[in-house]
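Sequence and predicted structure are below.
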Amino acid sequence: YELAPLQLRADDHLIDIGCGNGRYLDVMRHTFELPQLRITGVDQFGPFVWIARRALPDATVCCGDATTMPYFADDTFSVLMSTFVGAYLNPTSARSALREWVRVMRPGARAFVGSLNVVAPSWSPSQQVLPASFWTPALARSLGIADVRLRRAHAQRRPEMRYAVYFRKPTLRERDEAAARGDEALFAIRDEREDKAD
């Protein structure tokens, strides 16, 4: 995955939804050379939460469902990532999850949503994975997300399932100004492809 668009800073508060054993939280700290980065993880599998808490004693790691997180207040996190949860969501559950994720993001926060299919194309075809066509301007508008960038891998096998998504939560002022102008560009979907073989 391309991590640079997240532009992590020392004062960020990062949440990883579906954090597993906490590996990617640690990866983010090392990749961006931010050992004091404030990090939070959520996973519904208790043993993973236990491992993550032991591996990252200064992190907050919660056991819970990715689609409802009442233990976090609105506008809490400046960066959100979810590397693998997308592989377990169908369009209905994905909308519920994304609304909750946007709720806990601060205005101006950046986000990355991936799917296991990007790194493991042999993932079970029976899994209800979101196709790239799920991401539309209408969805972005309804969720209140902006600058959506769909990064697709060049793939011969199930190419519609091989992608990652980057977006941000616009400020209220940005949304009001766009509405006043009748400008839909804020909610456009930018579709990109990688030049990589399957």
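On my side now, so go ahead.

so is Leu186 in a helix, a strand, or just coil?
helix (DSSP: H, G, I helix; E, B strand; the rest coil).

Wait, it touches Pro170, no?
Yes: in this structure Leu186 lies within contact range of Pro170 using Cβ atoms under 8 Å: 6.3 Å. The C-beta positions use only the backbone N, C-alpha and C, and glycine is treated the same way.

Which neighbours do the two have in common?
146-147, 178 (Cβ atoms under 8 Å, 6 or more residues apart in numbering).

Just the buried ones from the residues you listed?
146-147, 178 (16 or more other Cβ atoms under 10 Å).

Show me those that map onto helices.
Among those, DSSP state H puts Ala178 in helices.

can I get the buried ones among the shared contacts of Leu186 and Pro170 in JSON lines with distance to Tyr88 and pLDDT?
Converted to JSON lines, those look like this (distance: Cβ to Cβ, whole Å; pLDDT from 0 to 100):
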{"residue": "Ala146", "distance to Tyr88": "25", "pLDDT": "94"}
{"residue": "Asp147", "distance to Tyr88": "25", "pLDDT": "93"}
{"residue": "Ala178", "distance to Tyr88": "32", "pLDDT": "85"}
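
Tell me the one of the buried ones among the shared contacts of Leu186 and Pro170 nearest Ala10?
Asp147 (22.9 Å; Cβ to Cβ).

Pull the number of nearby residues for Arg38.
17 (other Cβ atoms under 10 Å).

quick one, phi psi at it?
phi -80, psi 120 (degrees, to the nearest 10).

That one and Ala55, how far apart?
16 Å (Cβ to Cβ, to the nearest Å).

now the nearest residue to Gly64 once chain neighbours are set aside, what's its secondary structure?
Of all residues not flanking Gly64 in the chain, Val42 sits nearest, at 5.3 Å (Cβ to Cβ, 6 or more residues apart in numbering). Following three-state DSSP, we place Val42 in the strand state.

from what I can see Val42 touches Ile15, true?
Yes: counting by Cβ under 8 Å, Val42 does reach Ile15; the two are 7.0 Å apart.
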